[in-house]
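Q: When you get a sec, could you give me coordinates for this:
(2 chains)
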Protein chains: 2
Amino acid sequence: MAKTDKINYSCPSGFPEFLPGEKRLESYLMDTIREVFERYGFTPIETPAVERLEVLQAKGNQGDNIVYGLSPILPPNRQAEKEKAGDSGSEERALKFDQTVPFAAYIARHLNDLNFPFARYQMDVVFRGERAKDGRFRQFRQCDIDVVGRGKLSLLYDAQIPAIIAEIFEAINIGDFLIRINNRKVLTGFFASVGVAAENIVSCIRIVDTAEKVGETKVKKALYEISLSESQVEKVWDFTKIKGTVDDVLNKLKSMAEILDNSEVLSQGISELETVISGVRNLGVSDQRFCIDLSIARGLDYYTGTVYETTLIGHEALGSICSGGRYEELVGMFIGEKMPGVGISIGLTRLMSRLLKAGILESFAPTPATVMVVNMQEDLMATYLDVSQQLRRSGMNVITSFDSRGVGKQLQQADKQKIPFCIIIGSEEAAANMCSLKDLRTGEQMKVPIAGLAGVLKQRLAQQLIINN
Amino acid sequence: MAKTDKINYSCPSGFPEFLPGEKRLESYLMDTIREVFERYGFTPIETPAVERLEVLQAKGNQGDNIVYGLSPILPPNRQAEKEKAGDSGSEERALKFDQTVPFAAYIARHLNDLNFPFARYQMDVVFRGERAKDGRFRQFRQCDIDVVGRGKLSLLYDAQIPAIIAEIFEAINIGDFLIRINNRKVLTGFFASVGVAAENIVSCIRIVDTAEKVGETKVKKALYEISLSESQVEKVWDFTKIKGTVDDVLNKLKSMAEILDNSEVLSQGISELETVISGVRNLGVSDQRFCIDLSIARGLDYYTGTVYETTLIGHEALGSICSGGRYEELVGMFIGEKMPGVGISIGLTRLMSRLLKAGILESFAPTPATVMVVNMQEDLMATYLDVSQQLRRSGMNVITSFDSRGVGKQLQQADKQKIPFCIIIGSEEAAANMCSLKDLRTGEQMKVPIAGLAGVLKQRLAQQLIINN
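A: Have a look, this model is predicted:
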């Protein structure tokens, strides 16, 4: 064994891994998110980690991302094949850097086997050669949903998204949050109405979207630089600052659309926003949970209508914890068919690591076990195994201790793992079909008939749940 | 869009992906397996897909596997960095090809944060450059458990493994199966006792292990080739063919140990087998579910004691559907500490794909939704959204149809997705707070008050469950 102890066995930089208590928290979050996704009829898919490089590059510009290509490493006994195979094989393959492009490829691959509108969720890890930085990872999990139609897609799918976001973050229970909704047609339309040249509108949107990060001075400077006039810059800035209740903002927008020239796109955006907002309300989402924010646009160019960002109130520095929007041209790219979609993504690894650091989430106990059956006397092992199985059959997660040390050491071990209950059975108790149930949190110990143990434990665990909430 | 339609968007060969109904089946299998693992106190971990190449190669021989190394591909705007970074970066990294080596590294990385014996499960995908072949994949999911101790580990952990295997395959309900148990010390000890030279014992075990695949003639031939005498070959062959009930086999082994010379290792193996079998029985596993099979040994050299293979009765051609064993030197390799462990692995992707092909498993409905609320008149949408939310709040998975086509088309669409129930609400019904509930499997339709709908649906879904089982 000592031979290999010079190996650097640390995780490669940027590839994080969790301790068991953190992984259990992640599993819980994934279960919760998945449950909500399924409530709305989204179905799971999982695309391979690996795609053809040409597929991953189909969208063109991937910004600053380094994509990880694969280079097969032959085993020592097959080095002779190396020349034949080439270092990276004849067909270039790489690790997926997001779920969107592989999802588009998935639809193209299975077009005739899927039902449309197709609503899927996906909770895979993706890979990016990000530079190591706080909260930035090279492998991380994203929880995405998208619904995609053939040819057209009702705006009510856009309305479901805030309902889903609200339900997830209410269930995760990490405090108040605000879903900020906008529509890029509103921005595009307004900018056109105040005379911004068509070729500058996309840049204008991108600049406005950075306001929260860079502030007023820089945004205005950037707008001047793409040759907006002083009056246009002021109008654009004031527009994105429009505040008020959802109805206030809608009314202000409608009044503006009436007096502005060339405002068809603006009006269409407003009408879409109204439809979406009305749907969100009909889905029972409280007005406190969402607002119209004309300053958000999502950086990515492919969004064409509704856009979403979600902020954790009091923790705005975390940035958007869930965002997305409506797109028209994204999914159909492989098959040349119009397939509009709407979707959101939760960057789970980043979110969880930040919420843990901020103390908003706490990691779970390091074991799923809630009961440990102590090994008091080796000759009673048959009883310990039997009692453990009885408890498991009634749905409990049980560790049978095979520790040969004394009861005290075993209780310490259970306590260290935050296992709340221990079962101790000696000869006399075994003869009487009784056991001692010890609550490690209170130190309390009681005698319970083995036959009734599962019932008592279930009751106690349920009580604990109530106290903890 | 049409620009990119020349892209080959198919899955790279060997990287399979499932349709939604298959992925839902996989999720169900994973949930079931995970539930059983947690019942026994195994806790989840997930190591990154990527490790340092030196870590992955620490175990030495990886047989015939091609490992996938990573070669970062810079985006167009950063080509200048290419020389600095080198094609594969300064630190070589690769995709994991199993969970065992990364698990050993995980323990080394977190030694002081883990509780021992450390029992973990892991359900990740791994990557191998396998040649494309039926049922062989380059990316596939393995569901592994291992429990690892520092210095020593009770044999009762070995006894828990068959209980866990039995519980999983009973829950998955794929027919009768047989857990074949052996102990490599029994083989090693017997081979030594009949005079096989020490340096030939590992080869002898490896040859015996191939019996099921290659047959008697080839096994005997291979044994002659490593210079066993005719008498030794016959003894070895007869030994691995010993049959009978568990107690028969144990008794036969004990009688042999008594009359053989130099049989300490054999006796130790028999004693370990007895302890394990007794534990398995105390855990309530039926004698029908397991046997002692002296012909199995697991090919891998690192197993040192108990070994397991599981056969699906009537589908022996599938090979072992779950196997593993006890090892001594594997996990401590990075830190030079003795850390014995015992574990098993279920090759889920391979198992599922074969069981689907053999018709033993069937894929699920393509959506988790069990109810569709039909869009009969656009002006009642607020009602449809509200009814959908009521049903979701009582735990049902609901699709609200936003389809603008007629009711018939929508019912067809629901039927195609195997959604059993549709809710149809027209003006009159809405006014009376009623709805029509249509069971698409029977065609039956009934009027139900909206307030009582969730209750009726739950009852019907529960009935359906009973019928299906």
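
Q: Residue nearest the middle of chain A, spatially speaking?
A: Ranked by distance to the mean C-alpha position of chain A (C-alpha atoms, centre = their mean), the top residue is A:Ile346 at 2.9 Å.

Q: any idea how far B:Pro368 is from it?
A: 19 Å (C-beta to C-beta, to the nearest Å). For every residue, glycine as well, the C-beta is placed using N, CA and C.

Q: follow-up on the earlier one: does the residue nearest to the centre of chain A belong to a helix, a strand or coil?
A: Secondary structure, DSSP: H, G, I helix; E, B strand; the rest coil: A:Ile346 is strand.

Q: Spatially nearest residue to it (excluding sequence neighbours)?
A: A:Cys143 (4.4 Å; C-beta to C-beta, 6 or more residues apart in numbering or on different chains).

Q: Wait, the one you found touches A:Asp124, no?
A: No: applying C-beta atoms under 8 Å, one finds A:Cys143 not in contact with A:Asp124, separated by 9.0 Å.

Q: More neighbours: which of the two?
A: Taking other C-beta atoms under 10 Å in any protein chain shown, A:Cys143 and A:Asp124 do not tie; A:Cys143 has more neighbours (23 against 18).

Q: you'd agree that one is in a strand?
A: Yes: A:Cys143: assigned to a strand according to three-state DSSP.

Q: Break chain A down into its domains, please.
A: Per automatic domain parsing, the structural domains of chain A span A:22-41+A:100-124+A:134-357, A:371-468.

Q: what about the longest one, how long is it end to end?
A: Its first and final residues considered, domain A:22-41+A:100-124+A:134-357 spans 12 Å by C-alpha to C-alpha, to the nearest Å.

Q: from the chain's centre, how far out does it sit?
A: 15 Å (C-alpha atoms, centre = their mean, to the nearest Å).

Q: go on, the shortest one?
A: The gap between where domain A:371-468 is centred and where its chain is centred comes out at 37 Å by C-alpha atoms, centre = their mean.

Q: and if you look at stretch A:361-380?
A: Centroid separation for stretch A:361-380 versus its chain: 31 Å, with C-alpha atoms, centre = their mean.

Q: What residues sit buried inside it?
A: Applying a neighbour-count criterion of 16 or more other C-beta atoms under 10 Å in any protein chain shown, one finds A:361, A:363-376, A:380 buried in stretch A:361-380.

Q: and that stretch, average pLDDT?
A: Taken as a whole, stretch A:361-380 has a mean pLDDT of 97.

Q: What's the end-to-end length of that stretch?
A: 41 Å.

Q: With stretch A:402-419 instead?
A: 16 Å.

Q: got the contact list for that stretch?
A: With C-beta atoms under 8 Å, 6 or more residues apart in numbering or on different chains as the contact definition, stretch A:402-419 has outside contacts at A:365-367, A:369-372, A:374-376, A:378, A:399, A:401, A:422, A:424, A:438, A:440, B:115, B:117, B:154, B:156-157.

Q: Please give the element, helix or strand, for the residue of the stretch 101-250 of chain A found nearest chain B.
A: Taking C-beta to the nearest C-beta, chain B has its nearest neighbour within the stretch 101-250 of chain A at A:Ser154, 3.6 Å off. Taking DSSP states H and E as the definition, A:Ser154 sits outside all helices and strands.

Q: mind saving the C-alpha coords of stretch A:140-151 as CSV?
A: Output of stretch A:140-151 as CSV, limited to C-alpha atoms (Å, rounded to 0.1, in the frame of the first residue of the first chain):
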residue,chain,number,x,y,z
PHE,A,140,-21.7,21.7,-11.5
ARG,A,141,-25.3,20.6,-11.5
GLN,A,142,-28.1,22.5,-13.2
CYS,A,143,-31.8,21.9,-12.7
ASP,A,144,-33.5,22.9,-15.9
ILE,A,145,-37.0,22.8,-17.3
ASP,A,146,-38.1,23.7,-20.8
VAL,A,147,-41.3,23.3,-22.7
VAL,A,148,-41.1,23.3,-26.4
GLY,A,149,-43.8,23.4,-29.0
ARG,A,150,-43.8,22.7,-32.7
GLY,A,151,-44.6,26.0,-34.6
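
Q: Check which residues of that stretch are buried.
A: For stretch A:140-151, a neighbour-count test (16+ other C-beta under 10 Å) marks A:Phe140, A:Arg141, A:Gln142, A:Cys143, A:Asp144, A:Ile145, A:Asp146, A:Val147, A:Val148, A:Gly149, A:Arg150 as buried.

Q: so can I have TSV of those residues showing distance to B:Pro20?
A: Shown next, in TSV, are these (distance: C-beta to C-beta, whole Å):
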residue	distance to B:Pro20
A:Phe140	24
A:Arg141	20
A:Gln142	19
A:Cys143	17
A:Asp144	15
A:Ile145	13
A:Asp146	13
A:Val147	13
A:Val148	13
A:Gly149	16
A:Arg150	16
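
Q: will you turn the residues you listed into JSON lines that also has distance to A:Met333 and pLDDT?
A: Converted to JSON lines, those look like this (distance: C-beta to C-beta, whole Å; pLDDT from 0 to 100):
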{"residue": "A:Phe140", "distance to A:Met333": "24", "pLDDT": "96"}
{"residue": "A:Arg141", "distance to A:Met333": "25", "pLDDT": "97"}
{"residue": "A:Gln142", "distance to A:Met333": "20", "pLDDT": "96"}
{"residue": "A:Cys143", "distance to A:Met333": "23", "pLDDT": "98"}
{"residue": "A:Asp144", "distance to A:Met333": "17", "pLDDT": "98"}
{"residue": "A:Ile145", "distance to A:Met333": "19", "pLDDT": "98"}
{"residue": "A:Asp146", "distance to A:Met333": "14", "pLDDT": "97"}
{"residue": "A:Val147", "distance to A:Met333": "17", "pLDDT": "98"}
{"residue": "A:Val148", "distance to A:Met333": "12", "pLDDT": "97"}
{"residue": "A:Gly149", "distance to A:Met333": "15", "pLDDT": "96"}
{"residue": "A:Arg150", "distance to A:Met333": "14", "pLDDT": "94"}
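
Q: Show me the two of these that sit farthest apart.
A: Within those, A:Phe140 and A:Arg150 form the most distant pair, 31.5 Å apart (C-beta to C-beta).

Q: Distance of A:Glu199 relative to B:Arg138?
A: Using C-beta to C-beta, we find A:Glu199 at a distance of 46 Å from B:Arg138.

Q: The two - which one has more neighbours?
A: Neighbours were counted for A:Glu199 and for B:Arg138 using other C-beta under 10 Å; B:Arg138 has more, 24 against 8.

Q: What parts of the stretch 251-400 of chain A come near chain B?
A: Neighbours of chain B within the stretch 251-400 of chain A, by C-beta under 8 Å from any C-beta of the partner chain: A:279, A:282-284, A:329, A:332-338, A:366-369, A:381-382, A:385-386, A:388-389, A:392, A:396-400.

Q: rerun at 6 Å
A: Taking C-beta under 6 Å from any C-beta of the partner chain, the part of the stretch 251-400 of chain A that reaches chain B is made up of A:282-284, A:329, A:332-334, A:336, A:367-369, A:382, A:385, A:389, A:392, A:397, A:399.
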